[in-house]
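> A structural model of the following input is requested.
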Amino acid sequence: MAIIFIKLFLGKKEEIQMRKFAPLFVTPAIFLTAAALSGCAGEPAKPAREKILSGDQMLRDSQGIAQLGSRWQEGKQMVERAEIMQRDAQGKLEEARRMMEEGQKIMRESEEGYKNLKQ
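Below you'll find the model as predicted:
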């Protein structure tokens, strides 16, 4: 096959040079072709048999799914309650800061008034 390629596409001089090296090109090509064909010659994978579920199994599975759904809903409600608590807490923190600032202002004014009376 390689010799036919050589004769068709190469000149006489190149053909003589290629004949010397043709076995080097043909042997790997034959080997790779044989390896590819042998890899494809194996048995195809058998499809897995579908397992037929009983009614009891389907009922157990659906109850498990329902439990997961109710558990998820419970978690969602907890998150919503926590978000409300955080908003309330944030409001209380801001109120506490305002009270502290107002109290400190009153304390400073009182101290200054006392210092002015002493002088």
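> Can you list the residue ranges for strands in the protein?
Taking DSSP state E to define them, one finds no strands in the chain.
> Where does pLDDT dip in it?
With pLDDT under 70 as the threshold, the chain has low-confidence stretches at 1-48, 53.
> Which helix in it has the most residues?
For the chain, the helix with the greatest residue count under DSSP state H is helix 55-118.
> What is that one packed up against?
Contact partners of helix 55-118 among helices and strands, from 3 or more Cβ pairs under 8 Å, 6 or more residues apart in numbering; DSSP states H and E: none. Backbone N, C-alpha and C define where each C-beta goes, glycine included.
> Kindly export stretch 93-104 (C-alpha atoms) in CSV.
Coordinates of each C-alpha in stretch 93-104 appear next as CSV, following Å, rounded to 0.1, in the frame of the first residue of the first chain:
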residue,chain,number,x,y,z
LEU,A,93,-29.0,48.3,68.6
GLU,A,94,-29.6,51.6,66.8
GLU,A,95,-32.0,52.7,69.5
ALA,A,96,-29.5,51.8,72.2
ARG,A,97,-26.7,53.8,70.4
ARG,A,98,-29.0,56.8,70.3
MET,A,99,-29.8,56.4,74.0
MET,A,100,-26.1,56.1,74.8
GLU,A,101,-25.2,59.2,72.8
GLU,A,102,-28.1,61.2,74.4
GLY,A,103,-27.1,60.0,77.9
GLN,A,104,-23.4,60.9,77.4
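> gap between Glu109 and Lys118?
In this view, Glu109 and Lys118 are 15 Å apart by Cβ to Cβ, to the nearest Å.
> All set, thanks.
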